[in-house]
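**Student:** requesting a structural model of the entry that follows:
(one chain, ligands or ions: 2)
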Amino acid sequence: MKLSLVVPCYNEEYNVKDFHNAVEKAFENEKFKYEIIFINDGSTDNTMRELKDLYDYSKQNIKIVNFSRNFGKEAGIYAGLKNAEGDFVSIIDADLQQRPEYVLEMVKFLEENQEYDSVVAYQAERKEGKFLSFCKHSFYKIINRTSDVEFVNGASDFRTFRKNVIESILELGEYYRFSKGLFSWVGYNNYYMPYEVEERAKGTSKWSFWKLWKYAIGGIVSFTTAPLKIATFLGCGFSLCAFVYFIVVLIQKIFFSIAVPGYATIVMLILLIGGIQLFSIGLIGEYLGRTYVEVKNRPIYIAKEVLNNKGKKNAKKN
Ligand code: UDP
Ligand code: MG
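**Tutor:** Ligands and ions are numbered 1, 2, ... in the order given. The predicted model follows:
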């Protein structure tokens with residue numbers, strides 16, 4: 001098997017067949033064998049029925065990993081990579097925002113350039129609002145300053161890897177999977193290919209601003225412990241200020257007999273320091289909470305069923 005396409009699907013009933021047709025059309029002149037691995041990530045619409053139709057009638061190799069509930073795209077990617085048999089593996093969305101033709105370009109590039117191990121599609125121009133763009137820009141700035149791994153602004157999950165990279169990624173069995181970080185963490189030689197993102201074919205994006213925010217915080221907590229040091233720095237700074245202020249008050253009292261008036265100052269300081277303490281405890285809590293979940297060592301996903309029509313055809317012959 002030369003190529004595996006990993007396609008996470010969550011409520012994509014109107015897209016999966018169109019996606020499958022687009023892949024067939026893009027690959028019709030290619031002689032190599034490929035498989036499409038659909039991950040049904042606990043869809044609440046008819047995605048699974050549509051996928052089963054494809055599975056029953058398509059001439060292509062199709063696998064379906066049917067999750068017991070919605071585990072998130074990152075878990076979907078993990079399940080797809082685990083079931084992939086191809087020498088090259090591509091991750092691609094089901095909503096046709098990423099044209100399958102690019103996958104062919106990626107595979108050709110890797111075949112012609114043995115020194116590269118993966119091709120990463122990045123959006124040269126982001127098609128989104130200024131505010132969201134600014135937030136994403138800030139996120140990349142913060143995480144690149146504080147983390148050891150490099151994150152490229154605009155790089156998507158739309159990637160093609162050689163098999164050895166996949167093996168390395170699968171060795172990272174953490175529950176909280178921030179894929180972009182994991183892909184960078186394993187290293188290897190990545191080639192960044194510009195691509196133009198299409199409009200979503202049908203349905204709506206699953207990413208709200210709030211979800212993106214949580215995703216960004218998750219990424220930072222997963223890949224840097226720098227925020228934990230904020231509490232230490234703030235603590236040192238405030239101790240120093242308190243000491244200087246203490247000396248000032250003492251001098252005022254002893255030499256100038258000024259009784260400390262500061263009701264407002266005291267209230268302000270209590271609130272300020274209380275706020276900073278709670279913020280610091282919250283930060284520690286973020287890390288501790290994640291450690292707690294990781295220690296439980298629960299599986300990243302639970303698959304109700306895994307269908308593989310290659311196996312099915314063989315079974316019929318026997
Ligand atoms: N997806 C998923 N599980 C989720 C959310 C999304 O498998 O919990 C899939 C979704 O079906 C799509 C891909 O991840 O194939 C990207 O999602 P979406 O198009 O909503 O994200 P966007 O393109 O807006 O970033
Ligand atoms: Mg999309």
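**Student:** when you work out contacts or count neighbours from here on, use the C-alpha atoms and nothing else.
**Tutor:** Noted.
**Student:** where in the chain is pLDDT low?
**Tutor:** Counting by pLDDT under 70, the ranges of the chain that qualify are 259-261, 311-318.
**Student:** buried ones in the longest helix belonging to it?
**Tutor:** If you go by DSSP state H, the chain has its longest helix at helix 263-296. By 16 or more other C-alpha atoms under 10 Å, the buried positions in helix 263-296 come out as 280, 283, 284, 287.
**Student:** what of stretch 32-52?
**Tutor:** 34-43, 47-48, 50-51.
**Student:** list of residues touching stretch 84-91?
**Tutor:** 1-7, 34-35, 37, 77, 81, 103, 107, 157-163, 166 (C-alpha atoms under 8 Å, 6 or more residues apart in numbering).
**Student:** so it, near ligand 1 or not?
**Tutor:** No: Stretch 84-91 lies out of reach of ligand 1 by C-alpha under 6 Å from any ligand atom, never closer than 9.7 Å.
**Student:** quick one: terminal-to-terminal distance for that stretch?
**Tutor:** 11 Å (C-alpha to C-alpha, to the nearest Å).
**Student:** what's the helix or strand for residue 122?
**Tutor:** Assessed by DSSP states H and E, residue 122 sits inside strand 118-123.
**Student:** so which bits of the chain are right by ligand 1?
**Tutor:** Checking the chain against ligand 1 by C-alpha under 6 Å from any ligand atom, the hits are 8-10, 12, 41, 72-73, 76, 93-95, 205-207.
**Student:** just the buried members of the residues you listed?
**Tutor:** 8, 9, 10, 12, 41, 72, 73, 76, 93, 94, 95.
**Student:** which of those fall in helices?
**Tutor:** Using DSSP H, these in helices are 73, 76.
**Student:** give me the subset of the buried ones among the residues of the chain next to ligand 1 that lies in strands.
**Tutor:** Applying DSSP state E to these, the entries found in strands are 8, 9.
**Student:** and residue 191, bridged to which residues?
**Tutor:** Bridge pairing for residue 191 (DSSP bridges) gives the partners residue 119.
**Student:** give me the number of residues near it?
**Tutor:** 19 (other C-alpha atoms under 10 Å).
**Student:** can you check the one 10 residues further on too?
**Tutor:** Close neighbours of residue 201, defined as other C-alpha under 10 Å, add up to 15.
**Student:** and it, what is it in contact with?
**Tutor:** Counted by C-alpha under 8 Å, 6+ apart, residue 201 has contacts 15, 95, 96, 97.
**Student:** same deal with residue 45?
**Tutor:** Residue 45 touches 11, 12, 13, counting by C-alpha under 8 Å, 6+ apart.
**Student:** for residue 193, same thing?
**Tutor:** 119, 120, 121, 122.
**Student:** name the SS class of it, please.
**Tutor:** The three-state label given to residue 193 by DSSP: H, G, I helix; E, B strand; the rest coil is strand.
**Student:** distance of it relative to residue 72?
**Tutor:** 26 Å.
**Student:** re earlier: I would like the residues contacting the very next helix or strand once past the longest helix of the chain, please.
**Tutor:** Counting by DSSP H and E, the next helix or strand C-terminal to helix 263-296 is strand 303-308. In this structure, residues lying in contact with strand 303-308 by C-alpha under 8 Å, 6+ apart are 61, 62, 63, 64, 65, 66, 67, 68.
**Student:** hey, where'd the helices end up in the stretch 51-200 of the chain?
**Tutor:** 73-83, 101-112, 130-146, 163-171, 179-185 (DSSP state H, counting those that start in this stretch).
**Student:** looking at the ones you listed, which is buried most?
**Tutor:** Mean neighbour count (mean count of other C-alpha atoms under 10 Å) peaks for helix 73-83 among the helices of the stretch 51-200 of the chain, with a mean of 22.
**Student:** can you dump the C-alpha coordinates of that one into PDB?
**Tutor:** Below are the C-alpha coordinates for helix 73-83, written out as PDB (Å, rounded to 0.1, in the frame of the first residue of the first chain):
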ATOM      1  CA  LYS A  73     -10.100  15.600  16.100                       C
ATOM      2  CA  GLU A  74      -6.800  15.000  17.800                       C
ATOM      3  CA  ALA A  75      -7.900  11.500  19.000                       C
ATOM      4  CA  GLY A  76      -9.300  10.900  15.500                       C
ATOM      5  CA  ILE A  77      -5.900  11.700  14.000                       C
ATOM      6  CA  TYR A  78      -4.200   9.300  16.400                       C
ATOM      7  CA  ALA A  79      -6.700   6.500  15.600                       C
ATOM      8  CA  GLY A  80      -6.200   7.100  11.900                       C
ATOM      9  CA  LEU A  81      -2.400   7.000  12.100                       C
ATOM     10  CA  LYS A  82      -2.600   3.800  14.200                       C
ATOM     11  CA  ASN A  83      -4.600   2.100  11.500                       C
END
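**Student:** which ones among the buried residues of stretch 32-52 lie within helices?
**Tutor:** 47, 48, 50, 51.
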